[in-house]
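Q: 3D, please:
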Amino acid sequence: MEKKKVLIVDDDSRNIFALVNTLKAKSYECLSCLSAEEALKILAKDNSIDAVLMDMMMPEMDGYEAIPLIKAIPLQENTFVVAVTAQAMSGDKEKCLQAGADAYISKPVDVDKLLQILGEI
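A: Sure thing, here's the model as predicted:
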């Protein structure tokens, strides 16, 4: 089975570090960036990415703005996007899904739950 490639988008490098190390240990190939703008540039050039872990609360462009733009990129409309957010209030999951996310997970990330979600790709 070929490795699945995951793009991690988060403005906090500590979150990226933790997710990359966790996912690499589970045989995922990981790319990362610190902004939604950078993620859009990567996704415009690389159609081998299987999933995006998108931090929903970032400066400049947040995940709510970025997800529809990701889905509008040719060859990325079916890319699996997981909304990752510290916002775990009632209605937040629905708001993320309405923005176009395929799945939702709250911070701190439950690794078992994340692996279950990524198992769907």
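
Q: Show me what the helix or strand harbouring N21 is packed up against.
A: Secondary-structure element containing N21, defined by DSSP states H and E: helix 13-25. In terms of contacts (3 or more Cβ pairs under 8 Å, 6 or more residues apart in numbering; DSSP states H and E), helix 13-25 is packed against strand 5-9, strand 29-33, helix 111-118. (Glycine included, C-beta is placed from N, CA and C.)

Q: Go through that helix and flag the buried ones.
A: Buried residues in helix 13-25, counted by 16 or more other Cβ atoms under 10 Å: N15, I16, A18, L19, V20, L23.

Q: how about CSV for these, with distance to D62 added?
A: CSV is the format used below for these (distance: Cβ to Cβ, whole Å):
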residue, distance to D62
N15, 15
I16, 17
A18, 21
L19, 18
V20, 21
L23, 23
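
Q: T22 contacts K113, correct?
A: No. Counting by Cβ atoms under 8 Å, T22 stays clear of K113, with 12.0 Å between them.

Q: what are the bridge partners for the spatially most central residue of the chain, then?
A: Among the residues of the chain, the one closest to the centroid is L53, at 1.3 Å (Cα atoms, centre = their mean). Following DSSP bridges, L53 is listed with bridge partners I8, V82.

Q: check contacts around it.
A: Contacts of L53 were listed using Cβ atoms under 8 Å, 6 or more residues apart in numbering, and they are V6, L7, I8, V9, D10, L19, V82, V84, L114.

Q: try it again with 6 Å
A: Neighbouring residues of L53 by Cβ atoms under 6 Å, 6 or more residues apart in numbering: I8, V82, V84.

Q: where in the protein is pLDDT low?
A: Applying pLDDT under 70 to the chain flags the ranges 1.

Q: can we see that at 90?
A: Residues of the chain that meet the criterion pLDDT under 90 lie in 1-3, 86-92, 120-121.
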